[in-house]
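Colleague: sequence? don't have it. structure:
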(Lines give C-alpha, C1' and ligand atoms only; values in the text may rest on other atoms or scores of the structure.)
Protein backbone atom coordinates (compact mmCIF):
# COMPACT_ATOMS: atom_id res chain seq x y z
CA UNK A 1 0.00 0.00 0.00
CA UNK A 2 2.89 2.37 0.75
CA UNK A 3 4.33 1.83 -2.74
CA UNK A 4 0.94 2.47 -4.32
CA UNK A 5 0.46 5.73 -2.40
CA UNK A 6 4.00 6.87 -3.22
CA UNK A 7 3.63 6.16 -6.94
CA UNK A 8 0.14 7.69 -6.94
CA UNK A 9 1.35 10.99 -5.43
CA UNK A 10 4.44 11.01 -7.64
CA UNK A 11 2.49 10.63 -10.88
CA UNK A 12 -0.47 12.82 -9.91
CA UNK A 13 1.63 15.76 -8.77
CA UNK A 14 4.15 15.26 -11.56
CA UNK A 15 1.29 15.71 -14.05
CA UNK A 16 -0.23 18.68 -12.23
CA UNK A 17 0.82 21.32 -14.75
CA UNK A 18 -0.04 19.06 -17.68
CA UNK A 19 -3.62 19.11 -16.39
CA UNK A 20 -3.50 22.92 -16.24
CA UNK A 21 -2.33 22.97 -19.86
CA UNK A 22 -5.11 20.61 -20.95
CA UNK A 23 -7.69 22.70 -19.08
CA UNK A 24 -6.68 25.70 -21.18
CA UNK A 25 -8.30 29.12 -21.12
CA UNK A 26 -11.96 28.86 -22.16
CA UNK A 27 -12.46 31.18 -19.17
CA UNK A 28 -9.91 33.29 -17.32
CA UNK A 29 -7.26 31.55 -15.26
CA UNK A 30 -8.48 33.46 -12.22
CA UNK A 31 -11.95 31.96 -12.63
CA UNK A 32 -10.62 28.44 -13.26
CA UNK A 33 -8.50 28.68 -10.12
CA UNK A 34 -11.47 29.99 -8.13
CA UNK A 35 -13.50 26.91 -9.11
CA UNK A 36 -10.65 24.64 -8.05
CA UNK A 37 -10.17 26.33 -4.69
CA UNK A 38 -13.90 26.50 -3.86
CA UNK A 39 -14.43 22.78 -4.55
CA UNK A 40 -11.30 21.77 -2.65
CA UNK A 41 -12.13 23.97 0.34
CA UNK A 42 -15.58 22.40 0.50
CA UNK A 43 -14.04 18.91 0.54
CA UNK A 44 -11.64 19.80 3.36
CA UNK A 45 -14.36 21.51 5.39
CA UNK A 46 -16.46 18.35 5.11
CA UNK A 47 -13.40 16.33 6.16
CA UNK A 48 -12.89 18.57 9.22
CA UNK A 49 -16.56 18.18 10.17
CA UNK A 50 -16.35 14.40 9.76
CA UNK A 51 -13.00 13.75 11.51
CA UNK A 52 -12.94 16.62 14.03
CA UNK A 53 -9.18 16.22 14.58
CA UNK A 54 -7.24 17.68 17.47
CA UNK A 55 -4.84 20.55 16.87
CA UNK A 56 -7.35 23.30 16.15
CA UNK A 57 -5.54 26.60 15.44
CA UNK A 58 -5.73 29.35 18.04
CA UNK A 59 -6.26 33.05 17.37
CA UNK A 60 -2.51 33.57 17.21
CA UNK A 61 -2.24 30.79 14.62
CA UNK A 62 -4.96 32.08 12.28
CA UNK A 63 -2.86 34.83 10.58
CA UNK A 64 -0.11 32.31 9.77
CA UNK A 65 -2.64 29.78 8.46
CA UNK A 66 -4.08 32.55 6.27
CA UNK A 67 -0.61 33.41 4.95
CA UNK A 68 -0.14 29.72 4.19
CA UNK A 69 -3.40 29.64 2.22
CA UNK A 70 -2.87 32.90 0.35
CA UNK A 71 0.72 32.11 -0.63
CA UNK A 72 0.38 28.39 -1.33
CA UNK A 73 -3.09 28.08 -2.79
CA UNK A 74 -4.08 31.45 -4.26
CA UNK A 75 -1.16 33.59 -5.42
CA UNK A 76 1.36 30.83 -6.17
CA UNK A 77 -1.22 28.74 -8.03
CA UNK A 78 -2.22 31.77 -10.09
CA UNK A 79 1.40 32.46 -11.03
CA UNK A 80 2.00 28.82 -11.96
CA UNK A 81 -1.21 28.72 -14.02
CA UNK A 82 -0.07 31.75 -16.04
CA UNK A 83 3.44 30.35 -16.40
CA UNK A 84 2.09 27.05 -17.74
CA UNK A 85 0.03 28.82 -20.40
CA UNK A 86 2.89 31.14 -21.38
CA UNK A 87 5.57 28.46 -21.63
CA UNK A 88 5.35 24.67 -21.28
CA UNK A 89 4.36 22.36 -18.47
CA UNK A 90 7.83 20.80 -18.63
CA UNK A 91 9.55 24.13 -17.97
CA UNK A 92 7.16 25.04 -15.14
CA UNK A 93 7.66 21.63 -13.53
CA UNK A 94 11.42 22.13 -13.62
CA UNK A 95 11.17 25.61 -12.12
CA UNK A 96 8.75 24.41 -9.45
CA UNK A 97 11.19 21.67 -8.43
CA UNK A 98 13.43 24.51 -7.22
CA UNK A 99 11.13 24.69 -4.18
CA UNK A 100 13.37 22.08 -2.55
CA UNK A 101 16.04 24.80 -2.54
CA UNK A 102 13.89 27.87 -1.92
CA UNK A 103 11.94 26.34 0.98
CA UNK A 104 15.03 25.66 3.12
CA UNK A 105 16.17 29.22 2.41
CA UNK A 106 12.77 30.53 3.54
CA UNK A 107 12.96 28.33 6.65
CA UNK A 108 16.38 29.80 7.37
CA UNK A 109 15.14 33.39 6.96
CA UNK A 110 11.86 33.12 8.87
CA UNK A 111 12.42 30.26 11.34
CA UNK A 112 16.24 30.39 11.69
CA UNK A 113 16.59 26.74 10.71
CA UNK A 114 19.99 25.45 9.60
CA UNK A 115 20.72 25.72 5.88
CA UNK A 116 22.77 22.78 4.60
CA UNK A 117 25.43 23.28 1.90
CA UNK A 118 23.83 20.54 -0.20
CA UNK A 119 20.89 22.93 -0.81
CA UNK A 120 23.18 25.38 -2.61
CA UNK A 121 24.80 22.59 -4.63
CA UNK A 122 21.42 21.15 -5.59
CA UNK A 123 20.12 24.62 -6.40
CA UNK A 124 22.98 25.27 -8.80
CA UNK A 125 22.26 22.04 -10.66
CA UNK A 126 18.53 22.83 -10.71
CA UNK A 127 19.07 26.27 -12.23
CA UNK A 128 21.48 24.73 -14.75
CA UNK A 129 18.77 22.25 -15.74
CA UNK A 130 16.30 25.05 -16.43
CA UNK A 131 18.91 26.97 -18.47
CA UNK A 132 19.68 23.90 -20.57
CA UNK A 133 16.01 23.33 -21.30
CA UNK A 134 15.25 26.88 -22.46
CA UNK A 135 18.50 27.43 -24.38
CA UNK A 136 17.15 26.20 -27.77
CA UNK A 137 14.12 28.51 -27.51
CA UNK A 138 16.03 31.77 -27.02
CA UNK A 139 16.34 32.48 -30.74
CA UNK A 140 12.61 32.55 -31.54
CA UNK A 141 9.59 34.52 -30.39
CA UNK A 142 8.26 31.70 -28.27
CA UNK A 143 11.49 31.96 -26.33
CA UNK A 144 10.40 35.35 -24.96
CA UNK A 145 7.16 33.79 -23.75
CA UNK A 146 9.19 31.04 -22.14
CA UNK A 147 11.32 33.61 -20.34
CA UNK A 148 8.20 35.38 -19.05
CA UNK A 149 6.75 32.03 -18.06
CA UNK A 150 9.92 31.12 -16.17
CA UNK A 151 9.95 34.43 -14.29
CA UNK A 152 6.29 34.03 -13.28
CA UNK A 153 6.86 30.37 -12.37
CA UNK A 154 9.82 31.38 -10.20
CA UNK A 155 7.66 33.98 -8.46
CA UNK A 156 5.02 31.33 -7.85
CA UNK A 157 7.62 28.93 -6.47
CA UNK A 158 9.01 31.69 -4.25
CA UNK A 159 5.52 32.36 -2.87
CA UNK A 160 5.12 28.63 -2.26
CA UNK A 161 8.32 28.63 -0.22
CA UNK A 162 7.05 31.50 1.92
CA UNK A 163 3.84 29.56 2.44
CA UNK A 164 5.88 26.47 3.30
CA UNK A 165 7.71 28.42 6.00
CA UNK A 166 4.36 29.47 7.44
CA UNK A 167 3.22 25.84 7.23
CA UNK A 168 6.32 24.74 9.13
CA UNK A 169 5.57 27.31 11.82
CA UNK A 170 2.02 25.98 12.08
CA UNK A 171 3.31 22.42 12.34
CA UNK A 172 5.65 23.46 15.15
CA UNK A 173 2.61 24.87 16.93
CA UNK A 174 0.84 21.50 16.53
CA UNK A 175 -1.82 22.86 14.17
CA UNK A 176 -3.42 19.88 12.45
CA UNK A 177 -2.75 20.05 8.67
CA UNK A 178 -6.39 19.21 7.91
CA UNK A 179 -7.48 22.40 9.70
CA UNK A 180 -4.68 24.33 7.99
CA UNK A 181 -5.72 23.14 4.53
CA UNK A 182 -9.43 23.71 5.19
CA UNK A 183 -8.82 27.30 6.29
CA UNK A 184 -6.10 27.87 3.70
CA UNK A 185 -8.21 26.75 0.76
CA UNK A 186 -11.19 28.73 2.06
CA UNK A 187 -9.18 31.94 2.40
CA UNK A 188 -7.58 31.34 -1.00
CA UNK A 189 -10.97 30.80 -2.65
CA UNK A 190 -12.36 33.99 -1.07
CA UNK A 191 -9.36 35.99 -2.32
CA UNK A 192 -9.59 34.59 -5.85
CA UNK A 193 -13.36 35.08 -5.90
CA UNK A 194 -12.86 38.71 -4.89
CA UNK A 195 -10.33 39.16 -7.72
CA UNK A 196 -12.79 37.69 -10.23
CA UNK A 197 -15.57 40.00 -8.99
CA UNK A 198 -13.23 43.01 -9.07
CA UNK A 199 -12.41 42.20 -12.69
CA UNK A 200 -16.13 42.17 -13.47
CA UNK A 201 -16.09 38.64 -14.84
CA UNK A 202 -19.17 36.49 -15.25
CA UNK A 203 -19.17 33.13 -13.50
CA UNK A 204 -19.43 30.66 -16.38
CA UNK A 205 -18.49 26.98 -16.23
CA UNK A 206 -17.28 25.63 -19.60
CA UNK A 207 -18.89 22.33 -20.54
CA UNK A 208 -16.11 20.85 -22.63
CA UNK A 209 -14.86 17.41 -21.60
CA UNK A 210 -11.23 18.57 -21.48
CA UNK A 211 -11.99 21.47 -19.14
CA UNK A 212 -14.26 19.59 -16.75
CA UNK A 213 -12.03 16.50 -16.61
CA UNK A 214 -8.96 18.67 -15.89
CA UNK A 215 -10.86 20.59 -13.21
CA UNK A 216 -11.98 17.38 -11.50
CA UNK A 217 -8.43 16.01 -11.71
CA UNK A 218 -6.93 19.14 -10.16
CA UNK A 219 -9.50 19.24 -7.34
CA UNK A 220 -10.50 15.68 -6.43
CA UNK A 221 -7.25 13.93 -7.34
CA UNK A 222 -4.35 16.41 -7.13
CA UNK A 223 -5.54 18.76 -4.36
CA UNK A 224 -7.51 16.33 -2.19
CA UNK A 225 -6.90 12.58 -2.67
CA UNK A 226 -3.15 12.81 -3.33
CA UNK A 227 -2.71 15.12 -0.35
CA UNK A 228 -4.46 12.62 1.95
CA UNK A 229 -2.24 9.83 0.61
CA UNK A 230 0.80 12.02 1.22
CA UNK A 231 -0.20 12.55 4.86
CA UNK A 232 -0.40 8.79 5.24
CA UNK A 233 3.02 8.41 3.63
CA UNK A 234 4.53 10.90 6.09
CA UNK A 235 3.01 8.85 8.90
CA UNK A 236 4.37 5.57 7.49
CA UNK A 237 7.84 6.44 6.13
CA UNK A 238 8.52 9.99 7.35
CA UNK A 239 8.52 13.42 5.75
CA UNK A 240 12.08 13.24 4.37
CA UNK A 241 11.58 10.05 2.36
CA UNK A 242 8.13 11.15 1.23
CA UNK A 243 9.57 14.42 -0.04
CA UNK A 244 12.07 12.63 -2.31
CA UNK A 245 9.35 12.32 -4.96
CA UNK A 246 9.86 16.01 -5.78
CA UNK A 247 13.18 15.04 -7.37
CA UNK A 248 11.35 13.03 -10.03
CA UNK A 249 8.75 15.66 -10.94
CA UNK A 250 10.88 17.16 -13.77
CA UNK A 251 11.25 13.74 -15.41
CA UNK A 252 7.52 13.02 -15.25
CA UNK A 253 6.59 16.51 -16.42
CA UNK A 254 9.08 16.32 -19.30
CA UNK A 255 7.88 12.92 -20.54
CA UNK A 256 4.23 13.96 -20.26
CA UNK A 257 4.92 17.22 -22.11
CA UNK A 258 6.37 15.23 -25.01
CA UNK A 259 3.47 12.77 -24.88
CA UNK A 260 0.81 15.47 -25.35
CA UNK A 261 2.84 17.08 -28.14
CA UNK A 262 3.70 20.22 -26.20
CA UNK A 263 7.47 19.63 -26.29
CA UNK A 264 9.72 17.86 -28.75
CA UNK A 265 12.04 15.11 -27.50
CA UNK A 266 15.60 16.42 -27.54
CA UNK A 267 18.95 16.22 -25.82
CA UNK A 268 18.20 19.57 -24.16
CA UNK A 269 14.95 18.27 -22.67
CA UNK A 270 16.63 15.11 -21.40
CA UNK A 271 19.65 16.96 -19.97
CA UNK A 272 17.51 19.68 -18.39
CA UNK A 273 15.25 17.15 -16.64
CA UNK A 274 18.26 15.06 -15.57
CA UNK A 275 20.12 17.98 -13.99
CA UNK A 276 16.93 19.18 -12.26
CA UNK A 277 16.24 15.70 -10.85
CA UNK A 278 19.82 15.32 -9.59
CA UNK A 279 19.80 18.83 -8.12
CA UNK A 280 16.52 18.23 -6.29
CA UNK A 281 17.76 14.87 -4.98
CA UNK A 282 20.96 16.46 -3.64
CA UNK A 283 19.05 19.33 -2.02
CA UNK A 284 16.71 16.86 -0.34
CA UNK A 285 19.64 14.84 0.99
CA UNK A 286 18.74 11.70 -0.94
CA UNK A 287 20.79 8.77 0.33
CA UNK A 288 21.75 10.45 3.60
CA UNK A 289 20.54 8.32 6.46
CA UNK A 290 19.19 9.46 9.78
CA UNK A 291 18.76 12.98 8.52
CA UNK A 292 16.08 15.12 10.11
CA UNK A 293 14.71 17.06 7.18
CA UNK A 294 11.82 19.46 7.69
CA UNK A 295 10.56 20.25 4.26
CA UNK A 296 6.87 21.19 4.10
CA UNK A 297 5.40 19.77 0.92
CA UNK A 298 2.46 20.95 -1.13
CA UNK A 299 1.48 21.08 -4.78
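Modeller: Sure thing, it's come through. For clarity, every value in this text was computed on a predicted model and none was experimentally measured.

Colleague: isn't residue 224 up against residue 40?
Modeller: Yes: using C-beta atoms under 8 Å, residue 224 is in contact with residue 40, at 5.9 Å. C-beta here means a position set from N, CA and C on the backbone, and glycine is covered the same way.

Colleague: so between those two, which is more surrounded?
Modeller: residue 40 (25 against 19; other C-beta atoms under 10 Å).

Colleague: confidence score at the residue lying closest to that one once chain neighbours are set aside?
Modeller: Leaving aside its chain neighbours, residue 40 sits nearest to residue 223 (4.4 Å; criterion: C-beta to C-beta, 6 or more residues apart in numbering). Looking at residue 223, its pLDDT is 93.

Colleague: same check, this time on residue 143
Modeller: 58.

Colleague: start at 610, not 1
Modeller: Noted, 610 is the first residue going forward, which turns the last one into residue 752.

Colleague: regarding residue 764, what is its secondary structure?
Modeller: Three-state call for residue 764 (DSSP: H, G, I helix; E, B strand; the rest coil): helix.

Colleague: wait, it sits on residue 689?
Modeller: No: Residue 764 is not in contact with residue 689 according to C-beta under 8 Å; the separation is 9.2 Å.

Colleague: of those two, who's got more company?
Modeller: The neighbour comparison of residue 764 against residue 689 (other C-beta under 10 Å) goes to residue 689, with 29 against 18.

Colleague: residues touching the more buried one, list them.
Modeller: Listed by C-beta atoms under 8 Å, 6 or more residues apart in numbering, the contact set of residue 689 reads 626, 629, 701, 705, 761, 762, 765, 766.

Colleague: which pair in those spans the largest distance?
Modeller: The largest separation in the contacts of residue 689, counting by C-beta to C-beta, is between 629 and 766 at 14.7 Å.

Colleague: give me the more crowded residue out of those two.
Modeller: Between residue 629 and residue 766, counted using other C-beta under 10 Å, the more crowded position is residue 629 (26 against 23).

Colleague: which element, helix or strand, includes that one?
Modeller: If you go by DSSP states H and E, residue 629 is part of helix 625-632.

Colleague: return the set of buried residues in that helix.
Modeller: By 16 or more other C-beta atoms under 10 Å, the buried positions in helix 625-632 come out as 625, 626, 627, 628, 629, 630, 631, 632.

Colleague: turn the residues you listed into JSON lines, columns for distance to residue 813 and pLDDT.
Modeller: Converted to JSON lines, those look like this (distance: C-beta to C-beta, whole Å; pLDDT from 0 to 100):
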{"residue": "625", "distance to residue 813": "24", "pLDDT": "91"}
{"residue": "626", "distance to residue 813": "24", "pLDDT": "91"}
{"residue": "627", "distance to residue 813": "24", "pLDDT": "93"}
{"residue": "628", "distance to residue 813": "20", "pLDDT": "94"}
{"residue": "629", "distance to residue 813": "19", "pLDDT": "94"}
{"residue": "630", "distance to residue 813": "21", "pLDDT": "93"}
{"residue": "631", "distance to residue 813": "19", "pLDDT": "93"}
{"residue": "632", "distance to residue 813": "14", "pLDDT": "95"}
